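*Asks:* give the three-dimensional model of this entry:
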Amino acid sequence: MGDNQTSVTEFLLVGFPLSPRMQLLLFGLFSLLFTCTLLGNGVILGLISLASRLHTPMYFFLSQLATVDIAYACNTVPQMLVNLLSPAQPISFAGCMTQTFLSLTFGYTECLLLVVMSYDRYVAICLPLRYSTIMRWRVCVTMAVAFWTSGFLMTLVDMLLLLLVPFCGPQKVNHFFCEILAVLKLACADTHFNQVVIGSGGVLVLVGSVSAIVVSYGHILHAVLKVQSAEGRWKALSTCSSHLCVVGLFYGTAIIIYVRPQHGDPQEQKKYLPLFHSLFNPMLNPLIYSLRNREVKAALRRRLEKGRPL
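*Replies:* Next comes the predicted model:
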């Protein structure tokens, strides 16, 4: 680390520079969305744990998605809520670096997890007779360890480069959390190399992940078109619809943030768009899977019926 780095011991998160009334309104709205995120994903995790019919690879990966969504929201939203009530609250240097590290890790992990989930659907539809052989529990656990470890290692590269950069002021991070590019803007040195590494890594992961998902669903579509009955085609596609909705939300937002050309004030755009990853996507994912999945709805119905008084 540079010698000047110790001169900054804390950062100030600018958050959303709005009127006090608007900040209070956003606090109420975001608190509600955060509560729904925790409840929705918690219900998904509880159902998958308690319902033996959901002890399958597909729902194992869904439980991983719920875990990532809860972790991502808990990493960024509480600090944002505090700042809405008391603007410009300081966050320690170590706390800021930890938040940056965790947000990148969870983002990369979810990106890779969605690829694994698309592969699971590919095997289920294109190779149904071999599904139980290919998607053994040992394989599923190995894939889970692989995408968590990969997310950690990819983040580690970015963080090591970040920690080598000296910080000597200013301290105001123009974001609602310690997003790595917003933090880099405060460095007292040339960060062009860091930005190239971060941007290149993000684009490669996004392009590689989207390409893998497109290939998987290309094979799925080809297999579905071979099915003779319309009912059979619909049944096959319905097992993928929830995953496709989640993929569209996650990658659509990520591409808008990191890939598309920026117009107007790019920093302001990059500050508001991550709200989708922090609040809206984690809240919508369990709703998508519960509303569009008969097995999840059936498991929830059985649990509710068991809880009714006689």
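
*Asks:* CA atoms for contacts and neighbours, from now on please.
*Replies:* Will do.

*Asks:* state the distance from the nearest residue to Phe177 once chain neighbours are set aside to Cys36.
*Replies:* Computed as C-alpha to C-alpha, 6 or more residues apart in numbering, the closest residue to Phe177 that is not its neighbour in sequence is Thr76, at 6.0 Å. Distance, Thr76 to Cys36, using C-alpha to C-alpha, to the nearest Å: 15 Å.

*Asks:* of these two, who's got more company?
*Replies:* Per other C-alpha atoms under 10 Å, whichever of Thr76 and Cys36 has more neighbours is Thr76, with 22 against 19.

*Asks:* which SSE is that one in?
*Replies:* Taking DSSP states H and E as the definition, one finds Thr76 inside helix 57-85.

*Asks:* Gln89: what's it in contact with?
*Replies:* Leu12, Leu13, Val82, Asn83 (C-alpha atoms under 8 Å, 6 or more residues apart in numbering).

*Asks:* compute the number of surrounding residues for the third one.
*Replies:* A count of neighbours around Val82, defined by other C-alpha under 10 Å, yields 13.

*Asks:* how far away is the spatially closest residue to it that is not a sequence neighbour from Gly248?
*Replies:* Closest residue to Val82 apart from its sequence neighbours, by C-alpha to C-alpha, 6+ apart: Gln89 at 7.6 Å. Separation of Gln89 from Gly248 (C-alpha to C-alpha): 34 Å.

*Asks:* buried residues in stretch 133-144?
*Replies:* Within stretch 133-144, the residues that count as buried by 16 or more other C-alpha atoms under 10 Å are Ile134, Met135, Cys140, Met143, Ala144.

*Asks:* actually stretch 248-257, not the one I typed
*Replies:* Buried residues in stretch 248-257 (16+ other C-alpha under 10 Å): Leu249, Phe250, Tyr251, Thr253, Ala254, Ile257.

*Asks:* mind checking how far the helix or strand that contains Ser49 is from the chain centre?
*Replies:* In this assignment (DSSP H and E), Ser49 forms part of helix 20-50. The chain centroid and the centroid of helix 20-50 are separated by 15 Å under C-alpha atoms, centre = their mean, to the nearest Å.

*Asks:* swap in stretch 87-97?
*Replies:* How far stretch 87-97 lies from its chain's middle: 22 Å, per C-alpha atoms, centre = their mean.

*Asks:* and the helix holding Ser49, what's buried?
*Replies:* 23, 26-27, 30-31, 33-34, 36-38, 40-45, 47-48.

*Asks:* over to stretch 90-101?
*Replies:* Pro90, Ile91, Phe93, Cys96, Met97, Gln99, Thr100, Phe101.

*Asks:* who's in contact with that stretch?
*Replies:* The contact list for stretch 90-101 (C-alpha under 8 Å, 6+ apart) reads 8-13, 75-76, 155-156, 159, 177-180.

*Asks:* which of those are buried? Put it as a PyMOL command.
*Replies:* Of the contacts of stretch 90-101, the buried ones go into a single PyMOL selection, burial set by 16+ other C-alpha under 10 Å:
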select buried, resi 9+10+11+12+13+75+76+155+159+177+178+179+180
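
*Asks:* which single one of the buried residues of stretch 133-144 is nearest to Gly169?
*Replies:* The closest of these to Gly169 turns out to be Ala144 (C-alpha to C-alpha; 40.0 Å).

*Asks:* any idea of the mean pLDDT in the helix or strand harbouring the closest one?
*Replies:* Following DSSP H and E, one finds Ala144 within helix 137-163. The average pLDDT within helix 137-163 is 94.
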